[in-house]
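Undergrad: Curious how this folds, go ahead:
(chains A and B)
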Number of protein chains: 2
Amino acid sequence: MTDIPATHLRLLTTASEDRITLTLASEPVPQPGEGEVLVRMEAAPINPSDLGLLLGPADPATLRREGEATVADIPPQLSRAVGARLGQALPAGNEGAGTVVAAGAGAEALVGRTVAIAGGQMYAQYRVAKARECLPLPEGTPAEAGASSFVNPMTALAMLGTMRREEYEALVHTAAASNLGQMLVKLCAAEGVPLVNIVRSAEQAALLRGIGATHVVNSGDPDFRKQLTAAITETGAFLAFDAIGGGKLANQILQAMEAAAQARSPGFSVYGSTQMKQVYLYGALDTSPTEITRGAGMAWGVGGWLLTPYLQRAGAEEVGRMRTKVAENLTTIFASHYTSRITLAEALEPETVRAYARRATREKYLLLPNG
Amino acid sequence: MTDIPATHLRLLTTASEDRITLTLASEPVPQPGEGEVLVRMEAAPINPSDLGLLLGPADPATLRREGEATVADIPPQLSRAVGARLGQALPAGNEGAGTVVAAGAGAEALVGRTVAIAGGQMYAQYRVAKARECLPLPEGTPAEAGASSFVNPMTALAMLGTMRREEYEALVHTAAASNLGQMLVKLCAAEGVPLVNIVRSAEQAALLRGIGATHVVNSGDPDFRKQLTAAITETGAFLAFDAIGGGKLANQILQAMEAAAQARSPGFSVYGSTQMKQVYLYGALDTSPTEITRGAGMAWGVGGWLLTPYLQRAGAEEVGRMRTKVAENLTTIFASHYTSRITLAEALEPETVRAYARRATREKYLLLPNG
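TA: Numbering: from 1, shown residues only, chains lettered A, B, ... in the order given. Just a heads-up that it's a prediction; the model follows:
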């Protein structure tokens, strides 16, 4: 237990009705109980899914220092979104990796191992975790390589799992040049699943082709709809996962799916094709309303999609198989790429918060809590 | 076979790229084959589901006579909606009832009976139908009472069936003062299913309360959202069937469901409640885009819903039980009410077409092909 300090730093986010406040709190280092370990956190990514808790509905343009804290204003019309968390100082960070530096009874075997963990409270210098929930990384794997072992890899696997459960045979994915999108390209290639990638620039298209993507459609191209319809007609991808959420893209995908369904099986019906067409919105890169013109017949659906309920429905056995697959392919299919590495103190600098809150496809921040 | 003329009139709808043309065609009366009957059509409703075929995307404001025909223009941006039916003269009318006046081999027992039939081509003076697809009405029941035996009654039953298959326990219904809505009120009361009715006027609310509805919410009231949330909180109605389709109503329902879910099970999650919330759009009384602001957490869905795929999934046995239930309750739960009765010739008059194309909740047109 040498080298473990008495106190450590933890990033907390607190909402009042009109603002979000980010602080670094100095707290006692927690003690692992029976079956638990103490992890010295070495790397934790800032995922889009972390920003919902970190900043909530606050406007990043208003970010500023107030003493030791960083604050941002919540637009009045969005204040009810924080109703249930008012006044609570919440720890953040969905996943990360580090070194086991202490263990409670029954968990001693993990001491010294580098492990990946998930479940919140990762933006801290130390965190207690249940030993059975740790994913020990292969010996010699640096913590950074395991920092993103859960959210993106499990999401990619759960998307394929959803496709199989709902009896589709191919996928459409948007914001496809993201870390998650690159994993999905490699995973679908490995599993022989046709994937239609929608990106927003020629540079992103080239990146995906460079890692083996076959169908890449650029929404900035003037003939985007035509390209998308052709790719869906060829692949039969009638299930889409959309990270954009708002605006017209989900509707464009449904319309392209309907045109593809009619091309694959011609004949008139006033209700459109009988092919079911589904778009799941799993992100909100565009926070404007989703606009559906209902031009895709009657057999269509749009809905929210989230990893956690999928894992709950899938059950322990399937989740176990998914975790094994992640561990085995951590430096290949499921490798993450970071463009910026920041400390806990830097994670509170208004300019830095604004940068990672942009959710830019090619930018990815890694927090080094002990860096 | 006496009294059967050589020719009869049939209403046909033909689309070109820029217009829909309605005509009455004089055609030979068809002959029933083996296992078939010839029905003299006495009553056929004009349902919203008939208008999609009759008028397609044409603008009713442009309706006019051109010689014997009635025409209406298709706005240029909607012309691709008729691509698959271009140039075909299509018969219309989804359901109706009449008297069996002739029969092929094996179907003689039905001669003289009044039967309800479905499956298209009902806006005609005569129609051949398979004997096994006829629903013989109880002796003495007039054809008019059986004219709407399929679309609305089976839709109401299929909505309840969908609710049970998807494991919800209560329903929200919009445009709830419609003929279908009134059936649903009586059916849900008979089966003990809580139903939240959304109407658009105090008059409609009074009508529904008059037939026993418990939860009636008027979308015109200033505290509509509050009333709706309270009704959903009380009933647990997390599944809605929406006939409006466009605009903000589906989104308002999802938001009220989310508020109800949080009221029933408080606690903060950045992803909202875990209660699944579903709105099925089965009509398009408002043809503007559906706008979803995604303020209902991540466990939500919006999608198209249609009777036919439900019946296909349900299978022959369940469909048989549904038909029996309709026949047994035709003059009670499943009674329809008509406000106008028109002949085939009147069904082509531009002013009349405009009137039934309005899809007004309280107006219901019955076509009397031999009237």
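Undergrad: and A:M183, helix, strand or coil?
TA: Assigned state for A:M183: helix (three-state reduction, DSSP: H, G, I helix; E, B strand; the rest coil).
Undergrad: For it, list the residues it contacts.
TA: The contact partners of A:M183, taken as Cβ atoms under 8 Å, 6 or more residues apart in numbering or on different chains, are A:N152, A:P153, A:A156, A:I333, A:F334, A:A335. Every residue, glycine included, has its C-beta placed from N, CA and C.
Undergrad: The stretch 1-150 of chain A: helices as residue ranges?
TA: In the stretch 1-150 of chain A, the helices defined using DSSP state H, counting those that start in this stretch lie at A:48-54, A:143-146.
Undergrad: what's the longest one in contact with?
TA: Where contact means Cβ under 8 Å, 6+ apart, the residues beyond helix A:48-54 that reach it are A:13, A:20, A:22, A:46, A:90, A:92-94, A:151, A:243, A:283, A:285, A:356-357, A:359, B:270-271.
Undergrad: 6 Å instead, please
TA: Here helix A:48-54 makes contact (Cβ atoms under 6 Å, 6 or more residues apart in numbering or on different chains) with A:T13, A:A92, A:N94, A:G283, A:A357, A:R359, B:V270.
Undergrad: Could you give the separation of it from the chain centroid?
TA: Distance, stretch centre to chain centre, for helix A:48-54: 9 Å (Cα atoms, centre = their mean, to the nearest Å).
Undergrad: what's the answer for stretch A:117-133, then?
TA: Taking Cα atoms, centre = their mean, one finds the center of stretch A:117-133 at 18 Å from the center of the full chain.
Undergrad: can you tell me the distance between the two ends of that stretch?
TA: 7 Å (Cα to Cα, to the nearest Å).
Undergrad: close to chain B, is it?
TA: No: Stretch A:117-133 is not in contact with chain B by Cβ under 6 Å from any Cβ of the partner chain; minimum separation 10.3 Å.
Undergrad: what is the mean pLDDT for that stretch?
TA: The average pLDDT within stretch A:117-133 is 95.
Undergrad: So which bits of it are buried?
TA: Of all the residues in stretch A:117-133, those buried under the rule 16 or more other Cβ atoms under 10 Å in any protein chain shown are A:117-118, A:121-131.
Undergrad: so which of those comes closest to chain B?
TA: A:Q121 (13.8 Å; Cβ to the nearest Cβ).
Undergrad: Contact partners for the closest one?
TA: Neighbour list for A:Q121: A:P91, A:R127 [criterion: Cβ under 6 Å, 6+ apart].
Undergrad: want to throw the contacts of helix A:48-54 into JSON lines with neighbour count, distance to B:A259 and pLDDT?
TA: JSON lines is the format used below for those (neighbours: other Cβ atoms under 10 Å in any protein chain shown; distance: Cβ to Cβ, whole Å; pLDDT from 0 to 100):
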{"residue": "A:T13", "neighbour count": "22", "distance to B:A259": "24", "pLDDT": "97"}
{"residue": "A:A92", "neighbour count": "25", "distance to B:A259": "26", "pLDDT": "96"}
{"residue": "A:N94", "neighbour count": "22", "distance to B:A259": "26", "pLDDT": "95"}
{"residue": "A:G283", "neighbour count": "19", "distance to B:A259": "23", "pLDDT": "91"}
{"residue": "A:A357", "neighbour count": "20", "distance to B:A259": "27", "pLDDT": "92"}
{"residue": "A:R359", "neighbour count": "17", "distance to B:A259": "28", "pLDDT": "75"}
{"residue": "B:V270", "neighbour count": "19", "distance to B:A259": "17", "pLDDT": "76"}
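Undergrad: if we can go back for a sec, separate out the buried members of the contacts of A:M183.
TA: Neighbour-count burial (16+ other Cβ under 10 Å) is assigned, among the contacts of A:M183, to A:N152, A:P153, A:A156, A:I333, A:F334.
Undergrad: In the residues you listed, find the pair that's most separated.
TA: Largest separation among those by Cβ to Cβ: A:N152 and A:I333, giving 10.6 Å.
Undergrad: show me what contacts A:T155?
TA: Counting by Cβ under 6 Å, 6+ apart, A:T155 touches A:L180, A:L307.
Undergrad: Any figure for the gap between it and A:D73?
TA: A:T155 sits at a distance of 31 Å from A:D73 (criterion: Cβ to Cβ, to the nearest Å).
Undergrad: returning to that earlier point: mean neighbour count and mean pLDDT added to the helices of the stretch 1-150 of chain A, as a markdown table?
TA: A markdown table is the format used below for the helices of the stretch 1-150 of chain A (neighbours: other Cβ atoms under 10 Å in any protein chain shown; pLDDT from 0 to 100):
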| stretch | mean neighbour count | mean pLDDT |
| --- | --- | --- |
| helix A:48-54 | 20 | 90 |
| helix A:143-146 | 22 | 94 |
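Undergrad: dump the residue contacts of A:E203.
TA: Per Cβ under 6 Å, 6+ apart, neighbours of A:E203: none.
Undergrad: A:E234 - nearest residue in space that isn't next to it in sequence?
TA: Sequence neighbours aside, A:H215 is the residue nearest to A:E234 in space, at 7.4 Å (criterion: Cβ to Cβ, 6 or more residues apart in numbering or on different chains).
Undergrad: Understood, closing this out.
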